[in-house]
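K.L.:
3D model of this:
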Amino acid sequence: MSEFIIDFPGGARVDAHYGPYTVRTDQPRSGGGDDSAPAPFLVFLASIGTCAGIYVLGFCRQRGLSAEGIRLVQRMEMDPATRLVRRVYLDIQVPPSFPEKYRDALIRAADQCAVKKHLESPPQFTVTTSVTE
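P.N.:
Alright, predicted model coming up:
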């Protein structure tokens, strides 16, 4: 079982520790934070595009294609009633020199993103409390 340790280093900051890594989050000033790091929800949203990007980069590397000039643009459509993300759009932008024959394959590669797959088949959540010494 994987484990993250979440702690509260001060103010509205909440950090997640996983092995040697720390993902720092904060709230914007309007939410009582110092705006010193992205809000947790922004980190979540960024994980979608960066995960897809890893698959695009891997596709290019496997085929000896340059990833220079490739970028992903992620847009979200929000539901005004619930304020939840209704749809995520990912546009893989390639330079004119990128081979046409690989463009559909780039989409298939990005489609393999583990974050996307987890959203399509969400995990069950169990939240508990425990007393530490």
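
K.L.:
what sits against the closest residue to R24 other than its chain neighbours?
P.N.:
Using Cβ to Cβ, 6 or more residues apart in numbering and skipping the chain neighbours, the partner closest in space to R24 is A37 (4.2 Å). (Glycine included, C-beta is placed from N, CA and C.) A37 makes contacts with 13, 24-26, as judged by Cβ atoms under 8 Å, 6 or more residues apart in numbering.

K.L.:
Over to E3?
P.N.:
E3 neighbours (Cβ under 8 Å, 6+ apart): Y18.

K.L.:
mind checking the SS state of it?
P.N.:
coil (DSSP: H, G, I helix; E, B strand; the rest coil).

K.L.:
returning to what we had before: list just the nearest of the contacts of A37 to Q124.
P.N.:
Of all the contacts of A37, T25 has the smallest distance to Q124: 23.8 Å, by Cβ to Cβ.

K.L.:
Tally up the residues packed near the closest one, please.
P.N.:
20 (other Cβ atoms under 10 Å).

K.L.:
got it, and the one 4 residues further on?
P.N.:
Using other Cβ under 10 Å, the number of residues around R29 comes to 11.

K.L.:
Next one: the closest residue to it other than its chain neighbours from G10, what distance?
P.N.:
Take R29 and drop its neighbours on the chain: the residue closest to it by Cβ to Cβ, 6+ apart is D35, 5.1 Å away. D35 sits 14 Å away from G10, going by Cβ to Cβ, to the nearest Å.

K.L.:
In contact with the residue nearest the centre of the chain, which residues are there?
P.N.:
Compute the mean C-alpha point of the chain, and by Cα atoms, centre = their mean the closest residue is S47, 0.7 Å away. S47 makes contacts with V115, as judged by Cβ under 8 Å, 6+ apart.
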